[in-house]
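In: Sequence and computational prediction follow.
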Amino acid sequence: MTTYKRILVGVDGSNEAEAALRRGINIAKGDDSILGIGFVADIRRIAPLIDYEQTYAKKAKDYGEELVEIYKNEAEKAGVKHVETFVHFGTPKTTFVKKILKNFGPDLVLVGSTGLTPSEQLILGSVTEFVAKHADCDVIVVRGKPWNTKKDV
């Protein structure tokens with residue numbers, strides 16, 4: 001079985017990304033790996049507003065920093081000893097691959113199966129597909145439960 005030393009998980013707050021994070025935590029614990037958690041604030045959605053209102057950019061950055069901090073705490077509570085976090089602005093697929101993935105240098109990347117609606121995927125392309133195509137390491141695509149799935153109580 002392959003042992004991974006540097007594991008990177010791409011997060012965006014979706015159920016699929018959270019499922020990828022849980023899987024990444026389990027692998028990192030088992031292999032005593034460094035876990036990287038990366039978030040990209042999607043400037044395509046806020047770019048038209050940035051000139052008029054800087055608070056939107058700040059809110060996007062604050063959201064990303066808060067999200068990765070929550071996930072970092074979860075990973076540490078679960079027993080992962082080394083966690084690094086990354087928050088960047090940009091187009092998610094290229095920024096994740098060209099900045100976060102390149103700088104962290106993982107030997108495994110985990111991403112959720114999708115974080116977009118079908119129409120957004122058609123127009124913008126899938127971040128997951130782009131990561132799988134351009135990563136120089138193993139990539140695991142994790143499927144999460146849809147947000148409207150009934151949960152067991």
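Out: Happy to help now that I have it.
In: what's the single longest helix in this structure?
Out: In the chain, taking DSSP state H as the definition, the longest helix is helix 54-78.
In: which residues in the protein form strands?
Out: Ranges of strands in the chain, per DSSP state E, are 6-10, 34-42, 82-90, 108-112, 138-142.
In: right, and these - which one's nearest Ile27?
Out: With C-beta to C-beta as the criterion, Ile27 lies closest to strand 6-10 of the strands of the chain, at 5.9 Å. Backbone N, C-alpha and C define where each C-beta goes, glycine included.
In: if you average pLDDT over that closest one, what comes out?
Out: Averaged over strand 6-10, pLDDT sits at 97.
In: what lines up beside it in the sheet?
Out: Strand 6-10 pairs in its sheet with strand 34-42 (parallel), strand 108-112 (parallel), by DSSP bridges.
In: hmm, back to that, from the rest of the structure, what touches the longest helix of the chain?
Out: Residues from elsewhere that reach helix 54-78, judged by C-beta atoms under 8 Å, 6 or more residues apart in numbering: 9, 11, 13, 21, 24-25, 28-29, 35, 37-42, 46, 49-50, 83, 85-87, 89.
In: same thing with stretch 10-29?
Out: Under C-beta under 8 Å, 6+ apart, the answer for stretch 10-29 is 4, 7-9, 33-35, 37-40, 63, 67-68, 71, 74-75, 78-80, 92, 96, 100, 108-115, 127, 131, 140, 142-147.
In: Check the offset of that stretch from the chain's centre.
Out: Distance of stretch 10-29 from the chain centroid (C-alpha atoms, centre = their mean, to the nearest Å) equals 8 Å.
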